[in-house]
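Participant: Pasting a predicted model and its sequence here:
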Amino acid sequence: MPKKSKEELKEKDTKITKTTKKSVAKNKNLSTTSKKKNSSTKKSSKNISTSTKSTVKSKNATKKSSTSSKKSTTIKSISSVEYYDLPYRYNETVVKILAQTPTTLFIYWDISDADRNKYIEKYGEDFFYTTKPILVVTNKTKNYSFEVEINDFANSWYLHVNDSYCDYSIELGRRPINNNKIDNYVYITTSNDMEMPNNHILFDQLGKTVFFKNIKNNFVEEKEISSISFIKNIGTVHSIYELYKEIYNGEIIAEDLTSNNLFLNLSSSNSSTFK
Amino acid sequence: MTKEKKKGYVSFVLHAHLPFIHHPESEDYLEEQWLYEAISETYIPLLLSFKKLEEEKVDFRITMSLTPPLLNMLDNKLLQERYIKYLNTHIELSKKEVERTKNDSKLNALSKYYLDRYTNDLHVFRDVYNCNLISGFKYFQDLGVLEIITCGATHGYFPILYVTEQTVKAQIAVGVQTYEEYFGKKPRGIWLPECGYVPEADKYLKEFGIDYIITESHGILYADPTPIYGTFAPIVSPEGVVAFGRDMESSRQVWSSINGYPGDFNYREFYRDIGYDTDYDYIKPYIASNGVRVHTGIKYYRITGKDCEKDYYNLQWARDSAERQAGHFFDSRNSQIEKLSNIMSTPPIILCPYDAELYGHWWYEGPYWLYVLFKKIYYDDCNFKLITPSEYIDKYPLMQVSTPCRSSWGANGYSEVWLNQTNDYVHRHLHIAGNRMVELAHLYPNEPKNSLKRKALNQCARELLLAQSSDWLFIITNGTMVDYAKKRIKDHIGRFTKLYYQITEEKIDKDFLKDIYEKDCIFPEIDYMIYY
């Protein structure tokens, strides 16, 4: 990765604090969001739904940070006074995406003060008041894009996408509030790429042959599906459902294998059990 | 003994993990007790079961992941001392219980049972294992019946971390290094934290010599191309990592909250504990120091039924149920393998992964169930054998090439447990800290040994790794002990960030560094250059 000079490093993020005071938003437009999911809208043309996080400004930011130190279930006899709050922001221009489910993206973003000033210098003092933020979502696998309008009070978003198992990236940009001309779009930054997980058995993509590898000598052999007894025995590839049904004595219905219902039951009691 | 020809295999994998909890500054952190409860209820009972099987000359196979934080805690002198103190307190309480219950013969027998048990724990821990349970597990690995595998350094969840790939690389590297320090060889397998699989991790798994991983069922079923044997045979990814998928049927038999084995009415009721049931003044010295009632581990009731008056626990009845259920599990695998082996060209493997702490802590009779089952598999006629994933790979190296599906073993199978509206504020901090760690390694590569800067850089790596534990995110989602989890995230990100600035401003505070190293002393041998 590129090395940063010490001068650059000194342009710090909002620093770690020993009190909660600093979490009060410096910039109204970038204050953190509340955790309530209060609306969901649909982009009718693309049939994409978005869910937003709502937007009570710095009030919530302050509230959030002040609740954390109290009501601890543990009692600490303090040896040295050490108290931290998470940095309010890092003052860098960024969009990051993560896959929450095969069809839900989590997106967070920020624009640095330096970049904000750059846009203000270029487009005028009221740039951030006369434009609105948007996310341009691109499905790179199926080669289509759509826009989602967000707002300046949020700094993260959950977004439903229709196609699982595809590569996505997201661009953060701005458009004039009262002008939908495409050439007025201002690009800000692009996210990482994210391949969404698969959520079904890929029968349709199963070719006539599969490859087997001997991992001791790395020898790869091609096998025709029709010659494999597992498949031959059950007739067609699609009958793998039947096989699982038979093995599980009807406990698992075919739907279980194409939806995630099964994992609701199976996995809910997993993970570290002490908590 | 086993006359019938073996047609397939069953492989048990127990994932033993606890987050790193170490507070030299105070003895009042209740969360520290997770370790002591796990030692008494899971780790010692498992070791004793293995010992018994060895003494009875039962050839068995089991695989366990002992995660790096758990190994560091089991090896920690302070925690070892505190565990002995925990046992002494429990022995004292058990003695009082024997006195308190003397007029009720059934209760009295149970209180004597707990007195015996805690006294024996102390003997086993101090006298047999010299306070070092790791050597106990290593003994069985060296014997060839237990395969120990590693895990991500601090159980960091790869699907969230991999936006900065070096942080996933470091989780794998430190996981492998820690294993080597304790077991003197490289691990062949890794338990991906929360079974969180991303194909981007494969190249690092290979780089550090990992042969195989464990995935949730759909990690295999939804793989690309479709694995023609489902979860009944491992697959190999294009990068060369072998993946075993969890078997659904056997999982369901144990995990199901409706008719899973641990719900048997004869089994011990987890939620009735003398910490809550006895007179407050009597129990006060044995609960939280701030007076809050907590579990003590002494529990006198059985599950009995739904919404009914609870009966006393009966050890013999509980054992009878465990034996009956071991028989059921045994028969189910036998018929499952019978069906599968007719239609597969290689013998099927039924992989049964569970949280180790399920056995003993939640399902008190679990270790006994496992002991009975292993004995049955060895002595009774059946068509399968126990095997470890490594042994299976060595025996049947020919496997389908396919990329596992991005998946986890959390609720709904993907990332919702570790990424949702209760904990999503954390991720940007983890990402930034990850990027900054990589940046530090590039700004200050190969600092001289023993230099203050090197120590600070290594501590940065420790703080980052500790912040990345999936446990904190899980606890926040789960809604219990939330304040502690949030505090841990703040502490580690806070310490990391403070040190980051101290390093870049050339103003390292020696005392601060010393203080946080004493608290966060995991991975004493870490080298921050893994982030380079």
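Facilitator: Thanks, I have it.
Participant: okay, CA-based contacts and neighbour counts for the rest of this
Facilitator: Will do.
Participant: give me the residue from the stretch 151-300 of chain B nearest chain A.
Facilitator: Chain A sits closest to residue B:222 of the stretch 151-300 of chain B, with a gap of 4.7 Å, by CA to the nearest CA.
Participant: how many other residues sit next to that residue?
Facilitator: 26 (other CA atoms under 10 Å in any protein chain shown).
Participant: Could you do residue B:290 as well?
Facilitator: Neighbours of residue B:290 (other CA under 10 Å): 11.
Participant: nearest residue to the residue of the stretch 151-300 of chain B closest to chain A other than its sequence neighbours?
Facilitator: Once flanking residues are discounted, residue B:222 sits nearest to residue A:201: 4.7 Å by CA to CA, 6 or more residues apart in numbering or on different chains.
Participant: In chain B, which helix is the longest?
Facilitator: helix B:315-343 (DSSP state H).
Participant: buried ones in stretch B:285-301?
Facilitator: Of the residues in stretch B:285-301, B:286, B:287, B:288, B:293, B:294, B:295, B:296, B:297, B:298, B:299, B:300, B:301 count as buried by neighbour count, 16 or more other CA atoms under 10 Å in any protein chain shown.
Participant: got it, and stretch A:217-225?
Facilitator: For stretch A:217-225, burial by neighbour count (16+ other CA under 10 Å) applies to A:221, A:225.
Participant: that's a helix at residue B:449, yeah?
Facilitator: No: counting by DSSP: H, G, I helix; E, B strand; the rest coil, residue B:449 is not part of a helix but coil.
Participant: ok, back up a step: which one of the buried residues of stretch B:285-301 is nearest to residue B:512?
Facilitator: Sorting these by distance to residue B:512 puts residue B:288 at the head of the list, at 29.7 Å, by CA to CA.
Participant: didn't the closest one look like it was pressed against residue B:30?
Facilitator: Yes: Residue B:288 is in contact with residue B:30 according to CA atoms under 8 Å; the separation is 7.1 Å.
Participant: ranges for the strands of the chain?
Facilitator: With no chain named, the answer covers chain A. A:37-43, A:48-53, A:94-101, A:104-110, A:131-139, A:144-149, A:156-160, A:167-176, A:186-190, A:194-195, A:209-214, A:219-224 (DSSP state E).
Participant: my question was about chain B
Facilitator: Applying DSSP E to chain B gives strands spanning B:8-16, B:62-66, B:146-151, B:189-191, B:212-215, B:235-236, B:242-245, B:349-355, B:384-386, B:398-401.
Participant: Tell me which of those strands approaches chain A most closely.
Facilitator: strand B:398-401 (4.0 Å).
Participant: mind checking how far the residue of the stretch 151-300 of chain B closest to chain A is from residue B:386?
Facilitator: Distance, residue B:222 to residue B:386, by CA to CA, to the nearest Å: 26 Å.
Participant: With residue B:244 instead?
Facilitator: 15 Å.
Participant: Among those two, which residue is more densely surrounded?
Facilitator: residue B:244 (27 against 21).
Participant: tell me the pLDDT at residue A:202?
Facilitator: Per-residue pLDDT puts residue A:202 at 83.
Participant: what's the closest non-adjacent residue to it?
Facilitator: Ranked by CA to CA, 6+ apart and with sequence neighbours excluded, the top spatial neighbour of residue A:202 is residue B:226, at 5.7 Å.
Participant: ditto for residue B:428
Facilitator: Per CA to CA, 6+ apart, closest to residue B:428 is residue A:108, 7.6 Å.
Participant: give me every residue that touches that neighbour.
Facilitator: Contacts for residue A:108 (CA atoms under 8 Å, 6 or more residues apart in numbering or on different chains) come out as A:94, A:95, A:96, A:97, A:155, A:156, A:157, B:428.
Participant: Retrieve the pLDDT associated with residue A:73.
Facilitator: pLDDT, read off for residue A:73, is 40.
Participant: Likewise for residue A:27?
Facilitator: At residue A:27, pLDDT is 34.
Participant: again with residue A:273
Facilitator: Taking residue A:273 on its own, its pLDDT is 37.
Participant: before we move on, the earlier item: wouldn't the residue of the stretch 151-300 of chain B closest to chain A be in contact with residue A:197 here?
Facilitator: No: taking contacts as CA under 8 Å, residue B:222 lies outside contact range of residue A:197: 9.3 Å.
Participant: tell me, what's touching these two both at once?
Facilitator: Shared contacts of residue B:222 and residue A:197, defined by CA under 8 Å, 6+ apart, comprise residue B:405.
Participant: near chain A, which residues of the stretch 51-200 of chain B?
Facilitator: By CA under 8 Å from any CA of the partner chain, the part of the stretch 51-200 of chain B that sits against chain A consists of B:159, B:160, B:163, B:194.
Participant: most neighbours, which of the residues you listed?
Facilitator: Going by other CA under 10 Å, residue B:194 tops these with 30 neighbours.
Participant: and that residue, what does it touch?
Facilitator: Counting by CA under 8 Å, 6+ apart, residue B:194 has contacts A:271, B:155, B:157, B:408, B:409, B:410, B:470.
Participant: how close does it get to residue B:355?
Facilitator: From residue B:194 to residue B:355 the distance is 10 Å (CA to CA).
Participant: How about residue B:141?
Facilitator: 19 Å.
Participant: repeat for residue B:365
Facilitator: 15 Å.
Participant: Per-residue pLDDT of residue 40, please?
Facilitator: If you meant another chain, say so; for now it's chain A. 34.
Participant: Hmm, no, I was thinking of chain B.
Facilitator: For residue B:40, pLDDT reads 98.
Participant: what's the neighbour count on residue B:457?
Facilitator: Counted with other CA under 10 Å, residue B:457 comes out at 26.
Participant: check contacts around the nearest residue to it once chain neighbours are set aside.
Facilitator: The shortest distance from residue B:457 to any non-neighbouring residue, by CA to CA, 6+ apart, is to residue B:528 (6.1 Å). Each residue near residue B:528 by CA under 8 Å, 6+ apart is listed here: B:441, B:457, B:458, B:460, B:461.
Participant: Which pLDDT value goes with the first one?
Facilitator: Residue B:441 is assigned 98 on the pLDDT scale.
Participant: Neighbours of it, how many?
Facilitator: Quick note: residue B:441 (other CA under 10 Å) scores 20 neighbours.
Participant: I'd assumed residue B:529 was in contact with it.
Facilitator: Yes: Residue B:441 lies in contact with residue B:529 (CA under 8 Å); the separation is 5.9 Å.
Participant: what separates residue A:145 from chain B, distance-wise?
Facilitator: For residue A:145, the distance to chain B equals 22 Å [CA to the nearest CA, to the nearest Å].
Participant: and the nearest residue to that residue once chain neighbours are set aside, how many neighbours?
Facilitator: Residue nearest to residue A:145 in three dimensions, not counting chain neighbours: residue A:138, with 4.2 Å by CA to CA, 6+ apart. Residue A:138 has 18 neighbouring residues, counting by other CA under 10 Å.
Participant: Bridged to residue A:138, which residues?
Facilitator: Under DSSP bridges, the beta-bridge partners of residue A:138 are residue A:145, residue A:169.
Participant: domains of the chain?
Facilitator: Picking chain A for this. A:15-67+A:84-195, A:203-265 (automatic domain parsing).
Participant: Correction: the question concerned chain B.
Facilitator: Using automatic domain parsing, chain B is parsed into the domains B:8-75+B:132-268+B:313-412, B:419-531.
Participant: who wins for proximity to residue A:86 among those domains?
Facilitator: domain B:419-531 (5.7 Å).
Participant: Between the two ends of that closest one, how far is it?
Facilitator: Terminal-residue distance, domain B:419-531 (CA to CA): 24 Å.
Participant: before we move on, back to that, worst average pLDDT in the domains of chain A?
Facilitator: Among the domains of chain A, domain A:203-265 scores lowest, with a mean of 63.
Participant: Return the residues in contact with the residue nearest to residue B:469 when sequence neighbours are not counted.
Facilitator: Of all residues not flanking residue B:469 in the chain, residue B:156 sits nearest, at 4.6 Å (CA to CA, 6+ apart). Taking CA under 8 Å, 6+ apart as the criterion, residue B:156 is in contact with B:168, B:171, B:193, B:465, B:468, B:469, B:470.
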